[in-house]
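Peer 1: starting from these lines, generate the structure:
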Amino acid sequence: MMRPLLVPIAIALSVMACRSEGAAPRHKPVAKQTTTSVTALAQRTCEALHVLPGRRVGECCGRPAPRYLFDECVRVLGAALQKESVELDPQAVTRCRESVEQSFAGCDWVTPSQPLPPAACQGLVKGRVAEGGQCRSSLECVAPLHCSERAAGEPGRCRAPQTIGAPCASGADPLAAYLLERDIPRARPRCAEFCSALSQRCEALPTLASACVASVHCAPGQRCVDGHCAVASKPARATAGATCATDLDCDSGGCARDGEGQKRCGMKCSASVAALDPSGQKLALPARPRR
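Peer 2: Down below sits the predicted model:
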């Protein structure tokens, strides 16, 4: 039989245990992974983004295959996985790799720069850090939170989109850069309406015909035309084999001369000064003065 003095203590402990079981966890539980499995998953992910396209470029251009930002990607992604600030579905990585192999078949898409990955490779990681928690990347925050107040070498805090008047300056986001994420401003906005590139503060969303200097001063879906924000229309670009004047005319690949000397869209293995000079005039370095 339980002693009378111990009964209140037992009841208190039972209540505390029930409260503990009912409390919501700070993060969604995930299976604990070893350092080896984390590194392997990071390598498979970064290989799909950086190595597989580079391997195809090497095959098309007959040169050593570039690895782009593979090593940096593995280091930064591996660290985030190790501290469990993000989670990554291995099946999503497999779908990304398959899509890369399909999207980068052939050689017409090749340019001197690194290609952007297909849509299946976007949003691979899910953030697990709650509002107010420390972060080094917006991808570590539970969507749609973003990582704010980051400084050089110092972590920031996961925050909700800020109200008008709040500062919205943001430094580089290495994890997003190495994962080639291109939807961060829309998916994890720093401001509830608009982050001004001029004032670096949250402002009301610019309206059509607002004054501007560049398209970054206009709302999403708009561009700066003759000093005023206008509806952005996607320019029609030439497909592979079509004639072109500059690289910007091509939907994929670059603008290069074919065997007959005609400039057409297609594979382009190296950058050329001519592609940057639509006027046709040669860009020359200034002559070195004689001694």
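
Peer 1: pLDDT below threshold where in the chain?
Peer 2: Where the chain drops to pLDDT under 70, the residues are 1-33, 272-291.

Peer 1: next, count neighbours for R128.
Peer 2: Close neighbours of R128, defined as other C-beta atoms under 10 Å, add up to 21. C-beta: built from backbone N, CA, C; applies to glycine.

Peer 1: C224 too?
Peer 2: Look at C224: counted by other C-beta under 10 Å, it has 19 neighbours.

Peer 1: is the residue nearest the centre of the chain in a helix, a strand, or coil?
Peer 2: The chain has E181 as the residue nearest its centroid, 1.8 Å off, counting by C-alpha atoms, centre = their mean. Each residue gets one of three states, and E181 gets coil by DSSP: H, G, I helix; E, B strand; the rest coil.

Peer 1: quick one, what contacts it?
Peer 2: Residues counted as contacts of E181 (C-beta atoms under 8 Å, 6 or more residues apart in numbering) are Q122, G123, L139.

Peer 1: just A238 next, same as before
Peer 2: C244, D249, C250, D251, C265 are the contacts of A238 under C-beta under 8 Å, 6+ apart.

Peer 1: what about it? Give its phi and psi, please.
Peer 2: phi -80, psi 150 (degrees, to the nearest 10).

Peer 1: specify the beta-bridge partners of it.
Peer 2: Beta-bridge partners recorded for A238 (DSSP bridges): C250.

Peer 1: return the distance of it relative to R264.
Peer 2: In this structure, A238 and R264 are 8 Å apart, going by C-beta to C-beta, to the nearest Å.

Peer 1: just R186 next, same as before
Peer 2: As judged by C-beta to C-beta, R186 and R264 stand 34 Å apart.

Peer 1: neighbour-wise, which of those two wins?
Peer 2: More crowded of R186 and R264, by other C-beta under 10 Å: R264, with 18 against 9.

Peer 1: okay, and that one sits in which element?
Peer 2: In the assignment (DSSP states H and E), R264 maps to strand 263-266.

Peer 1: quick one, what contacts the closest residue to Q262 other than its chain neighbours?
Peer 2: Residue nearest to Q262 in three dimensions, not counting chain neighbours: T243, with 6.6 Å by C-beta to C-beta, 6 or more residues apart in numbering. T243 makes contact with Q262, K263, R264, C265, according to C-beta under 8 Å, 6+ apart.

Peer 1: try 7 Å this time
Peer 2: By C-beta atoms under 7 Å, 6 or more residues apart in numbering, the residues touching T243 are Q262, K263, R264.

Peer 1: count the neighbours of the first one for me.
Peer 2: The one in question is Q262. 10.

Peer 1: how near is it to P112?
Peer 2: Counting by C-beta to C-beta - Q262 and P112 are separated by 20 Å.

Peer 1: then Q134?
Peer 2: Taking C-beta to C-beta, one finds Q134 at 39 Å from P112.
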